[in-house]
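# Output the structure for:
(chains A and B)
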Protein chains: 2
Amino acid sequence: MRILLVGAGGVGGAFAAIAARRDFFETLVVADHDLARAERAAGIDERYVAAQVDASSTDAVLALCREHRITHVMNAVDPVFDMPVFDAALAAGADYVDMAMSLSRPHPEAPYERCGVKLGDEQFAKAGQWETAGRLALVGMGVEPGLSDVFARYAADHLFSEIDELGTRDGADLVVTDEHGNEVFAPSFSMWTTIEECLNPPVIWTGDGSGAGTWHTTAPFSEPELFDFPEGIGPVECVNVEHEEVLLMPRWIDCRRATFKYGLGEELITILKVLHTLGLDSTEKVRVKGVEVSPRDVVAAVLPDPAGIGPRMRGKTCAGLWVTGTGKDGRPRSTYLYHVVDNEWSMAEYGHQCVVWQTAINPVVALELLATGVWQGSGVLGPEAFDAVPFLDLLTAYGSPWGIEDREPAVLVSTPVHGAGRIAPADAPPLS
Amino acid sequence: MRILLVGAGGVGGAFAAIAARRDFFETLVVADHDLARAERAAGIDERYVAAQVDASSTDAVLALCREHRITHVMNAVDPVFDMPVFDAALAAGADYVDMAMSLSRPHPEAPYERCGVKLGDEQFAKAGQWETAGRLALVGMGVEPGLSDVFARYAADHLFSEIDELGTRDGADLVVTDEHGNEVFAPSFSMWTTIEECLNPPVIWTGDGSGAGTWHTTAPFSEPELFDFPEGIGPVECVNVEHEEVLLMPRWIDCRRATFKYGLGEELITILKVLHTLGLDSTEKVRVKGVEVSPRDVVAAVLPDPAGIGPRMRGKTCAGLWVTGTGKDGRPRSTYLYHVVDNEWSMAEYGHQCVVWQTAINPVVALELLATGVWQGSGVLGPEAFDAVPFLDLLTAYGSPWGIEDREPAVLVSTPVHGAGRIAPADAPPLS
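Below you'll find the predicted structure:
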């Protein structure tokens, strides 16, 4: 296996560090628009080579694939570049793995009711080409989407006879301090992507439980819920957010409802609402005293680089899937399958902060399963298309075990997190 | 009188429109960095001439003064340009009027306790030069500061024998809608200046009531108070904000306390806190994808131009001074002197929105009093250094009467407007 890693940011750097401890591949080409960053990430292993690349150019990525006889393209850049990287892999005759699917576009008339272009639509539209070529595009193979989807497959195969809801729930108790020890606001993940995810209309699947069903959208930050996260993290307020799991899971697993709720917390919700109210979430360039910039790029630029905050961060992050339905014994069941990473541990063990580390370990595990032939397939597939057990076993063997907890339903918060006012992109719907 | 108006933005444009109805001056040169904007403002009166000017250059302003034999410089640009315009006027042998004083700088060690450089310090430091030259710099002569300071002088001369507090209170019930009739966030005043005012440490004067006293600062948004504004506006939550009145009034009027509270409302307070938390209030340039911009300039650029929102705005704005102490009859007195402008009226009558119109009318009145010799003086003086009665009479004669209301004390809000969290620049102090 000869891997091209496109993107040496936070997640790409952690991917390189984790893969360096495994021997399932022959070479890893670390490519980034910033060659110095690629060189830093590549400097840790003699199988690694650094390269400069423009991820927006299919031709540039294709040329790199050919130059290094790449068999697997690992996409670790912002999802805005998904399609050129995805197309280049197919053209190069390589397999492809990413951690976020091609971007959505809201419905032009009813953005908070109906879907426009959905996450991954552009990729699934080309599934036939991948099948014909006998090549695999494994999409959404990070932690969320990714490990959460593996959990869904595990729950369907081993825990439940019927599933009501596949509810991905993500929360953390991370705190970042400045050089004086004061808590500061510093997102642990790309602010550009956080804005994209959180201000897009959240998508929800409702089905009949036997395959048929539809997707619809709601207002951002809708259906706030207090979810109790394990291993000491505790209750965090979660809201609906647009995420790949909702698009992936129902394609392979029967359920009556698929949701994604993100434990943003009150502060980040307020910040995102204000950015939207002011138009600072916009990616369209504005003219400012003789230069042109996109406001969202400015917001990302003033915040600390998520890849650099690890040493000043403490706490744990949790990704998981809360499944409700009927257990194998025919009785009602409510189970949370989860994976927790402590930042202190990931910093000490790998030198990477826990959120990017947790995202990066899953595609390494997946590539190892593909390299060893345990996972095989062609077309455009999600993680739930493959057997979950060898994945979860290998994840544990990497030293990062997962957990399972039977539990009571989460508490729905009876009022929206914030008074709606004009700051809200739209009012959260009333809760029953 | 030959006036140079520096700045043809919202307030400058309204100044030109109001002055056009008066005959106390011979010519008005409307100068702006944007010549087209100066030409639009100057196109309404044959006594008006448009010019291009760089307000950051004392030489450029001085050259314009000489070219047009200017007797009075009217400064209507952002206060960051106060000093070059102020210095140019003195060098040209002209009198000078502004509506916002030279900027403050926080105390380097204890910004929320002690004053650093105060508003107007740079201007007052040059008072001797103005006195020696026999020229007048009338500083802070808008509505707030300006009319509020005139009210202070009126209260001291005609209503009170002893003053406890001179409390400027500013509030509005303005609403801006978009083309579809939906309420949107659109500040009615320069966002750059709003950020400057609201995130700087608020300043408060405490004195012995007979001239001696000191200034100190508090945390932004401190001492929230529900103040009931007249003419149907109703209660608005007001917080301490740095403002010139607190620096001006105690220099001429004995009082035990001088404060300024601004009815920002919950939404704007949240927005300002978020901008500060993210560092988007910063004026220092950051590098964003190959260009350099100041985040605060970007925030101002994405919002609607305050000068253009008039047609989509409705409601009233109120500026005023709440005075407490002992009346002329020896009994306790609590009186609010105020000036309300209805946006519908100012748009219909002058074509300018009410907030900039209300700011602009006061320097026109003051210049007319200087032109007719009713007001005379030299040095660096605030509006309270002059007799209030002719000013208030002339304001009424302009068709914009003021009001007076005896009332109960305002209600102090017992908890800060927002939970402090990290969004607050600092916690509001506890209220007694």
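
# helices and strands around the helix ranked longest in chain A, which ones?
Counting residues, the longest helix in chain A under DSSP state H turns out to be helix A:354-371. For helix A:354-371, the helices and strands in contact under the criterion 3 or more C-beta pairs under 8 Å, 6 or more residues apart in numbering or on different chains; DSSP states H and E are helix A:10-19, strand A:72-75, strand A:95-98, strand A:136-138, strand A:316-327, strand A:332-342, helix A:343-350, helix A:388-397. The way it works is simple: take the backbone N, C-alpha and C, and place the C-beta from them, glycine included.

# one more time with 6 Å, if that's ok
Contacts of helix A:354-371 with other secondary structure elements, assessed using 3 or more C-beta pairs under 6 Å, 6 or more residues apart in numbering or on different chains; DSSP states H and E, are made with helix A:10-19, helix A:343-350.

# most packed of these?
For the helices and strands packed on helix A:354-371, the stretch with the most neighbours on average is helix A:10-19, a mean of 26; neighbours defined as mean count of other C-beta atoms under 10 Å in any protein chain shown.

# Figure out how far that helix is from the centre of its chain.
Average the C-alpha atoms of helix A:10-19, do the same for its chain, and the two points are 15 Å apart (C-alpha atoms, centre = their mean, to the nearest Å).

# and the helix or strand just after that helix, which strands flank it?
On the C-terminal side of helix A:10-19, the closest following helix or strand by DSSP states H and E is strand A:27-32. Within its sheet, and counting by DSSP bridges, strand A:27-32 is paired with strand A:2-6 (parallel), strand A:48-52 (parallel).

# what's the following helix or strand after the last one?
Translated: strand A:48-52. Stepping forward along the backbone from strand A:48-52, the first helix or strand reached (DSSP H and E) is helix A:58-67.

# Next, the angle from that following helix to strand A:48-52.
Taking axes from the mean of the first three to the mean of the last three C-alpha atoms, to 10 degrees, one finds helix A:58-67 and strand A:48-52 inclined to each other by 150 degrees.

# Kindly report the residues of chain A close to chain B.
Of all the residues in chain A, those in contact range of chain B (C-beta under 6 Å from any C-beta of the partner chain) are A:183, A:185, A:267, A:271, A:274, A:277, A:279, A:286, A:288-289, A:291, A:293, A:295, A:297-298, A:301-302, A:421-422.

# tell me the most buried of the strands paired with strand A:27-32?
Of those, the one with the most neighbours on average (mean count of other C-beta under 10 Å) is strand A:2-6, at a mean of 27.

# Show me how far that one is from its chain's centre.
The chain centroid and the centroid of strand A:2-6 are separated by 19 Å under C-alpha atoms, centre = their mean.

# angle of it against helix A:354-371?
Using the same axes, to 10 degrees, strand A:2-6 lies at 150 degrees relative to helix A:354-371.

# Extract the C-alpha trace of strand A:2-6 and format it as PDB.
The C-alpha trace of strand A:2-6 is given here as PDB (Å, rounded to 0.1, in the frame of the first residue of the first chain):
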ATOM      1  CA  ARG A   2       1.300   3.400  -1.100                       C
ATOM      2  CA  ILE A   3      -0.600   6.200   0.500                       C
ATOM      3  CA  LEU A   4      -1.000   9.900  -0.600                       C
ATOM      4  CA  LEU A   5      -2.000  12.000   2.500                       C
ATOM      5  CA  VAL A   6      -3.500  15.200   1.100                       C
END
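
# And the contacts of it?
Counting by C-beta atoms under 6 Å, 6 or more residues apart in numbering or on different chains, the neighbours of strand A:2-6 from elsewhere in the structure are A:12, A:25-31, A:55, A:64-65, A:69-77, A:85.

# How about stretch A:41-49?
In this structure, residues lying in contact with stretch A:41-49 by C-beta under 6 Å, 6+ apart are A:8, A:13, A:16, A:20, A:27-30, A:50.

# list the contacts for A:Val355?
Here A:Val355 is in contact with A:188-189, A:317 (criterion: C-beta under 6 Å, 6+ apart).

# coming back round to it: same question for the longest helix of chain A, mean pLDDT?
pLDDT averaged over helix A:354-371 equals 97, rounded to a whole number.

# how far out from the middle of the chain is that helix?
Its chain's C-alpha centre and that of helix A:354-371 lie 12 Å apart, by C-alpha atoms, centre = their mean.

# swap in stretch A:265-279?
When distances are taken as C-alpha atoms, centre = their mean, stretch A:265-279 is centred 21 Å away from the chain's centroid.

# buried set for that stretch?
For stretch A:265-279, a neighbour-count test (16 or more other C-beta atoms under 10 Å in any protein chain shown) marks A:265, A:269-279 as buried.

# Save these as JSON lines, and put in pLDDT too.
Supplementary listing: the buried residues of stretch A:265-279 in JSON lines, determined by pLDDT from 0 to 100:
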{"residue": "A:Gly265", "pLDDT": "81"}
{"residue": "A:Ile269", "pLDDT": "88"}
{"residue": "A:Thr270", "pLDDT": "90"}
{"residue": "A:Ile271", "pLDDT": "93"}
{"residue": "A:Leu272", "pLDDT": "93"}
{"residue": "A:Lys273", "pLDDT": "91"}
{"residue": "A:Val274", "pLDDT": "93"}
{"residue": "A:Leu275", "pLDDT": "94"}
{"residue": "A:His276", "pLDDT": "91"}
{"residue": "A:Thr277", "pLDDT": "90"}
{"residue": "A:Leu278", "pLDDT": "93"}
{"residue": "A:Gly279", "pLDDT": "93"}
